[in-house]
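In: Test case, fold it:
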Amino acid sequence: MDPCPFVRVMVDSLALKLPHATKPAGSGVHSSTTPCFCEMRIKNFPPQTALLSLSTSTNDSPPDSFTSAHGFNLDPTALRRLSGKPITLLVSVYTGRMGSTCGVTSGKLLGRVNLSIDIDAAQTSPRMIHNGWMKLGKHSDKPSARLHMMVRAEPDPRFVFQFGGEPECSPVIFQIQGRDIQQPVFSCKFSADRNSRFRSLPPDFTSKNNRGWRRTFSGERKRPGRERKGWMITIHDLSGSPVAAASMITPFVPSPGSDRVFRSNPGAWLILRPHGFSVNNWKPWGRLEAWRERGPVDGLGYKFELVTDNGPSSSITIAEATLSMKKGGEFCIDSRLLRDQGLNYSRSPVKGFVMGSSVEGEGKVSKPMVQVGVQHVTCMADAALFVALSAAIDLSMDACKLFSHKLRKELCYDEQNFLS
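Out: Sure, this is the predicted structure:
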């Protein structure tokens, strides 16, 4: 498998030193005590914002506290467009709270700095663009605020896969290799069997008494059409051998008195890899929970855990976020996101970018595009696990559809048999 070139621009060690700052922000960054933020822009990319820690370090010493930004990911299309052209990173620093009114940033501008980045060079080796303090004011003879940041650009090659259709339609899965080159590498088979049972899973994952893996509201599960269960998608290599699967281990059930799946009782999938020589033997690799968030933003909430050999009690959360039910978004596993979300980063084996998968909004045609960092793939079976995970998060959009709405026929073809 040949990966596609990607370049990652990372912005770290962000801090601000004000000329007459008398009250430090402390060791942490809190919106109530850090009244400054910055906006980062690269042309034709969505802008990013980050809070700025106020530094009290002296002279040119590194800041005593700092923040980071998510950074920018340049895909092969962007790299082709920008080939031979340096790009400019523009950083604008503001006082006040983050946000905008009528599209205009609400803070007061302190100043701007810009850096030129040689993207062509960054495709072959890591580049340190800047690491240190930069003056924000235009007048050298007057005291002014100073911004500290570390900007790096480095190659981040990824394998790219795309479903040839919606996962529930059992499509072929292609690897994208360069411009307009698609090669079939996997096929998938979706099934929706209400009476499905796990075959040859360890006892920890199938025990009826293990509430950590399976649970549902007993009053709801007996009502026809009030649970979505038994969904499974199996990934096969070109020889037809199963290499990964995603199986719904906990039904998606509406909370009592409602028509939505709440976080207090989420549905769940196991992401499985073959175990042993039998095609019916599976070993859990990961567990995905999903639910429908309440509140001003109608969203699909999710949490993904890596399963360790010690069983469910020692799983490690490596992704947790919310996707818009209307617009969709990207499911992502990335160490930078782990750190920003305050998850247990010290226990996580995740280093750098692991995977990203496109997710379409509710009711839209979805053909997930999956990116996997090359350092996390040693064979085709490794890639298949991420493909199965992307199918599970995509199908969770349907599983979390309001129960007052009907599912498409591919997802509930067995319902007539169940009712009869």
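
In: Tell me both backbone torsions, phi and psi, for residue 376.
Out: phi -100, psi 10 (degrees, to the nearest 10).

In: Hmm, it is touching residue 389, no?
Out: No - between residue 376 and residue 389 there is no contact under Cβ atoms under 8 Å: 11.8 Å. Glycine gets a C-beta too; all of them are placed from N, C-alpha and C.

In: Who has more neighbours out of the two?
Out: The neighbour comparison of residue 376 against residue 389 (other Cβ atoms under 10 Å) goes to residue 389, with 25 against 20.

In: For that one, which three-state class applies?
Out: helix (DSSP: H, G, I helix; E, B strand; the rest coil).

In: With adjacent residues omitted, what lies nearest to it?
Out: Leaving aside its sequence neighbours, residue 389 sits nearest to residue 271 (Cβ to Cβ, 6 or more residues apart in numbering; 5.1 Å).

In: Dig out what that neighbour forms beta bridges with.
Out: Beta-bridge partners for residue 271, by DSSP bridges, are residue 246, residue 286.

In: quick one on the thing from earlier: which residues are common contacts for residue 376 and residue 389?
Out: residue 355 (Cβ atoms under 8 Å, 6 or more residues apart in numbering).

In: if we can go back for a sec, any idea how far the residue nearest to residue 389 lies from residue 387?
Out: Distance from residue 271 to residue 387, counting by Cβ to Cβ, to the nearest Å: 10 Å.

In: overlap in contacts of the two?
Out: The contact sets of residue 271 and residue 387 overlap at residue 244 (Cβ under 8 Å, 6+ apart).

In: Which one of the two is surrounded by more residues?
Out: Between residue 271 and residue 387, residue 387 has the larger neighbour count (other Cβ under 10 Å), namely 29 against 24.

In: Do I have it right that that one meets residue 174?
Out: No - using Cβ under 8 Å, residue 387 is not in contact with residue 174, being 10.7 Å away.

In: which residues do those two both contact?
Out: Here residue 387 and residue 174 share the contacting residues residue 161, scored by Cβ under 8 Å, 6+ apart.

In: Quick check: phi and psi at residue 384.
Out: Main-chain dihedrals, residue 384, degrees, to the nearest 10: phi -60, psi -30.

In: SS state for residue 128?
Out: Residue 128 - assigned by three-state DSSP - is strand.

In: Next up, identify which helix or strand residue 94 is on.
Out: Assigned by DSSP states H and E, residue 94 belongs to strand 87-95.

In: Quick one: the strands in the stretch 1-150 of the chain, in order.
Out: Along the stretch 1-150 of the chain, counting by DSSP state E, counting those that start in this stretch, strands occupy 7-17, 36-41, 48-51, 53-54, 72-74, 87-95, 100-101, 104-105, 108-117, 127-135, 146-155.

In: Throw these into JSON lines and include mean neighbour count and distance to residue 364, thanks.
Out: Below are the strands of the stretch 1-150 of the chain laid out as JSON lines (neighbours: other Cβ atoms under 10 Å; distance: least, Cβ to Cβ, whole Å):
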{"stretch": "strand 7-17", "mean neighbour count": "22", "distance to residue 364": "28"}
{"stretch": "strand 36-41", "mean neighbour count": "22", "distance to residue 364": "29"}
{"stretch": "strand 48-51", "mean neighbour count": "18", "distance to residue 364": "26"}
{"stretch": "strand 53-54", "mean neighbour count": "24", "distance to residue 364": "40"}
{"stretch": "strand 72-74", "mean neighbour count": "21", "distance to residue 364": "23"}
{"stretch": "strand 87-95", "mean neighbour count": "19", "distance to residue 364": "32"}
{"stretch": "strand 100-101", "mean neighbour count": "9", "distance to residue 364": "27"}
{"stretch": "strand 104-105", "mean neighbour count": "12", "distance to residue 364": "31"}
{"stretch": "strand 108-117", "mean neighbour count": "15", "distance to residue 364": "35"}
{"stretch": "strand 127-135", "mean neighbour count": "15", "distance to residue 364": "38"}
{"stretch": "strand 146-155", "mean neighbour count": "21", "distance to residue 364": "33"}
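
In: mind checking which of those strands is nearest residue 396?
Out: Closest to residue 396 of these, according to Cβ to Cβ: strand 72-74, at 23.8 Å.
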